[in-house]
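Trainee: predicted model and sequence follow; I will ask about them next.
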Amino acid sequence: MAIEVMAEKKSLKLELDAGIVDGKQKVSSKSYSNVKLDSTDDNIYASGEALAGLQTLPLMKVKKVEESVITNL
């Protein structure tokens, strides 16, 4: 059984520090879609840091979100 995985969509998600509310960490997130499928992890991280520099809240995490199709050949 041969399985093939094809990347369909890729996006970038920033998690920003929104402070402490009622003793719990609050996280605000911003998502950016239409990331090129051939983008490397280094490129995505660098883009995330650049975009975070435009935000008012400090950056906590840069996440890569991928959506793939898995098929049985």
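Mentor: Right, received. Where do you want to start?
Trainee: contacts for the longest strand that the chain contains next, please.
Mentor: Longest strand of the chain, by residue count under DSSP state E: strand 3-21. Here strand 3-21 makes contact (C-beta atoms under 8 Å, 6 or more residues apart in numbering) with 25-37, 39, 44, 47-48, 51-52, 55, 57-73. C-beta: built from backbone N, CA, C; applies to glycine.
Trainee: do that again at 7 Å, thanks
Mentor: Residues from elsewhere that reach strand 3-21 (C-beta atoms under 7 Å, 6 or more residues apart in numbering): 26-33, 35, 37, 39, 44, 47-48, 51-52, 55, 57-73.
Trainee: buried residues in stretch 15-30?
Mentor: Counting neighbours by 16 or more other C-beta atoms under 10 Å, one finds that the buried residues in stretch 15-30 are Glu15, Leu16.
Trainee: begin at 677, not 1, for the rest of this chat.
Mentor: Okay, using 677 as the starting number, the last item reads as stretch 691-706.
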